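Novice: how would this look folded up:
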Amino acid sequence: MKRLLICLIFVFALFRIGSAQTLGEHQVMVVYDSRVADSVLVAEHYAGSSKVPGGAGGEPGLHPGVLVFDLASAGIPITATNGTIMYPDYLAQIRDPIRAHLIANDLVYRVRSLVLCKGLPHRIDDPNNPGIGDQPGQFGSLWVSGHAVSASVDSELVMLWQDLNETQVDAFRTADGGYIRSPMWRKSRPINTWTNKNIRVQKRWAFLVSGNALRTIGDDPTKLLTPGDMLLVCRLDGHSVADVIAMLDRAQNVVYDVDNSAFVLDESDSNGVADTDPNNELDNINDPLSKDDDYEVTRDILLADGRFDPALVHYDAERTVSHFSVGPNVDFGGQGLLITDPLILLTHYGRNHIGRPSDVELYEESFNLRPGAVFSTMESFNGRAFNGLGTLVQQGQVSDFIASGGTFGIGMVWEPFAQTVPDSNRIVRNFMLGGLTWAEAAYTAIPAISWMHVVIGDPLARPILSSDDINGDGRVDIEDLYAFEANPVDINRDGVADNTDRQLLTDSIRVPLQQTFDYGRR
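Specialist: Have a look, this model is predicted:
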């Protein structure tokens, strides 16, 4: 009994200390434009009417502790067409006003996440090559040469304090001409475990011909890019204000029912093996930013963990339309592999599947979705259709997924190339199983920044698993460990309630807290 009490006191101490390490409301700044009615309404629902005037009124706000910034207060018009803004205009009309506001209000080192509200531009275009990001062949040549300026507004704001366009990498390139290898990719720690004291220090950049990517180099640690130098940028967006509000409401207090939550991992022309070496599969190409055989690794993580029902992990390796996963809510005329179970993860080749139904662009709208469902697909333009912009070549859209009941997603607004597509295994590891907030987990899944990605959904959301809520009170905390000790439960479905189950529960309570302590020992 004494040993148990000491153990519980230690875990409780970890919980109290570590909870301050995850992203908090006070570190999030909502950016909206009061000249755009939709932007006001979304910001108001998120932050509350007291912080966002001019809306419906009477809104308490889902997260009233966040900061807010109205871009209109800078007095600079935003010149964008269907959400697409030229790079120089992005700098003058979006980046620089945000910088100025943070400096003037002594918020440079406090804010770790930006939230962009519906109505703000989502794509940055290259004035020297307008629209080239929609043309993969031509854009590929530009990217290889280190002159690809096209990006998402969101991903460019991740590097808010870096003057990429003014930094000469070599005689041929500036630092705004391609993607940056993200230092947060494949990590598992919350953002506050990295200092941001050097966030305004201009880094020393190099262009790596092997991989055609930018990274920092040198012996000066202040000029090396770390996760602490990043802002975690998320977007609250969709086809309508109603879609966004419903998405946000679904993101509050998410509990994943481990007995009734399904995963679709639909690959195409794969061997079904989690290969350690690159092969010819889109999720495992030969590139420094493609480290995992993602679909198979995601499957294997879920099966090894054991908490989710393995029968609901729908992995398919095969080509042909009969192996193209679809849901029951769209009539595909008998085509496709029907999945009726309610999903919490849609990871799919979509338009890149070999063999697909004729209305392939509707597949992401066809599934039954649980609150907390996540979209992450192998499609180049799956984050394009915001601000009245349509899609290209029948690709699924995160905006359509949100309209159909989805809660979170990562999309790409221009051609990203396969190696920079987000890793679903990191979403599963760090969000569904690992205790990070959505913003933190999403950026551990994204290999490249200053690139094409948009992260959709509430950055502060943190789900729990029904298996870990031992006492059934809707929270996972120290009380669940007390309840487990009084009546042990088989959490991982291996037939026994033992120390493995206890460890899973303890990790759910203290993760990502232990990573904080691990970091301190380095």
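Novice: Any idea how many residues pack against S466?
Specialist: Residues near S466, counting by other C-beta atoms under 10 Å, number 18. Every C-beta, even on glycine, is put in place using the N, C-alpha and C of the backbone.
Novice: How many residues are close by the residue nearest to S240 when sequence neighbours are not counted?
Specialist: Closest residue to S240 apart from its sequence neighbours, by C-beta to C-beta, 6 or more residues apart in numbering: A403 at 7.6 Å. Neighbours of A403 under the rule other C-beta under 10 Å: 19.
Novice: OK, contacts around A403?
Specialist: Contacts for A403 (C-beta atoms under 8 Å, 6 or more residues apart in numbering) come out as G238, H239, S240, D243, E365.
Novice: measure it to R235 for me?
Specialist: 15 Å (C-beta to C-beta, to the nearest Å).
Novice: And for A80?
Specialist: Counting by C-beta to C-beta - A80 and R235 are separated by 14 Å.
Novice: Of those two, which one has the most company?
Specialist: Set A80 next to R235 and count neighbours by other C-beta under 10 Å: R235 wins out with 28 against 22.
Novice: Surely V201 is in contact with P221?
Specialist: No. Taking C-beta atoms under 8 Å as the definition, V201 is not a contact partner of P221, at 9.8 Å.
Novice: neighbour count winner among the two?
Specialist: When neighbours are counted by other C-beta under 10 Å, V201 and P221 differ, and V201 comes out ahead with 16 against 9.
Novice: Could you list the domains of the protein?
Specialist: 2-19+465-520, 23-255+375-461 (automatic domain parsing).
Novice: What's the end-to-end length of the longest one?
Specialist: Right, the one you point to is domain 23-255+375-461. Domain 23-255+375-461 stretches 10 Å from its first residue to its last (C-alpha to C-alpha, to the nearest Å).
Novice: could you pull out the strands for the stretch 401-522 of the chain?
Specialist: 408-412, 448-449, 453-456, 464-465 (DSSP state E, counting those that start in this stretch).
Novice: one step back: scan the contacts of A403 and report the most crowded one.
Specialist: Neighbour max across these (other C-beta under 10 Å) = G238, 26 neighbours.
Novice: ok, that residue - contacts?
Specialist: G238 neighbours (C-beta under 8 Å, 6+ apart): K118, V244, M247, F386, S399, I402, A403, I456.
Novice: which residues sit in contact with the first one?
Specialist: The neighbourhood of K118, defined by C-beta under 8 Å, 6+ apart, consists of V36, D38, S39, V42, L236, D237, G238, V241, V244, F386.
Novice: ranking the domains of the chain by mean pLDDT, which is last?
Specialist: Among the domains of the chain, domain 2-19+465-520 carries the lowest mean pLDDT, a mean of 76.
Novice: ok, now which ones touch I470?
Specialist: Per C-beta under 8 Å, 6+ apart, neighbours of I470: D480, L481, A483, F484, V489, L505.
Novice: can you tell me how far the fourth one sits from V258?
Specialist: Using C-beta to C-beta, we find F484 at a distance of 16 Å from V258.
Novice: And the closest residue to L71 other than its chain neighbours, how far from P77?
Specialist: Spatial nearest neighbour of L71, excluding adjacent residues (C-beta to C-beta, 6+ apart): D33 at 4.6 Å. Going from D33 to P77 by C-beta to C-beta gives 10 Å.
Novice: next one: V297
Specialist: Taking C-beta to C-beta, one finds V297 at 46 Å from P77.
Novice: Please say which of these two ends up with more neighbours.
Specialist: V297 (23 against 10).
Novice: so which strand or helix has that one?
Specialist: Using DSSP states H and E, V297 falls within helix 294-305.
Novice: Kindly spell out which helices and strands sit in contact with that helix.
Specialist: Counting by 3 or more C-beta pairs under 8 Å, 6 or more residues apart in numbering; DSSP states H and E, the packing neighbours recorded for helix 294-305 are strand 262-266, strand 313-316, strand 343-348, helix 424-427.
Novice: Check G306 and give its pLDDT.
Specialist: pLDDT, G306: 98.
Novice: show me the contacts for the nearest residue to it once chain neighbours are set aside.
Specialist: Nearest residue to G306, sequence neighbours excluded (C-beta to C-beta, 6+ apart): N492, at 3.4 Å. Applying C-beta under 8 Å, 6+ apart, we find N492 in contact with D305, G306, R307, T500, D501, L504.
Novice: likewise V454?
Specialist: 122, 152, 154-155, 235, 237, 383, 386, 398, 410-413.
Novice: now F172
Specialist: S145, G146.
Novice: need the strands for the stretch 151-300 of the chain, in chain order.
Specialist: Going by DSSP E, counting those that start in this stretch, the stretch 151-300 of the chain shows strands at 151-152, 180-181, 205-208, 213-216, 232-236, 255-256, 262-266.
Novice: Please identify the most buried of those strands.
Specialist: strand 151-152 (a mean of 31; mean count of other C-beta atoms under 10 Å).
Novice: those helices in the stretch 51-200 of the chain, which residues are they?
Specialist: Using DSSP state H, counting those that start in this stretch, the helices of the stretch 51-200 of the chain run over residues 87-90, 96-104, 136-144, 153-158.
Novice: Just put those in JSON lines and tack on distance to I301 and mean neighbour count.
Specialist: Converted to JSON lines, those look like this (distance: least, C-beta to C-beta, whole Å; neighbours: other C-beta atoms under 10 Å):
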{"stretch": "helix 87-90", "distance to I301": "37", "mean neighbour count": "18"}
{"stretch": "helix 96-104", "distance to I301": "36", "mean neighbour count": "16"}
{"stretch": "helix 136-144", "distance to I301": "31", "mean neighbour count": "16"}
{"stretch": "helix 153-158", "distance to I301": "26", "mean neighbour count": "25"}
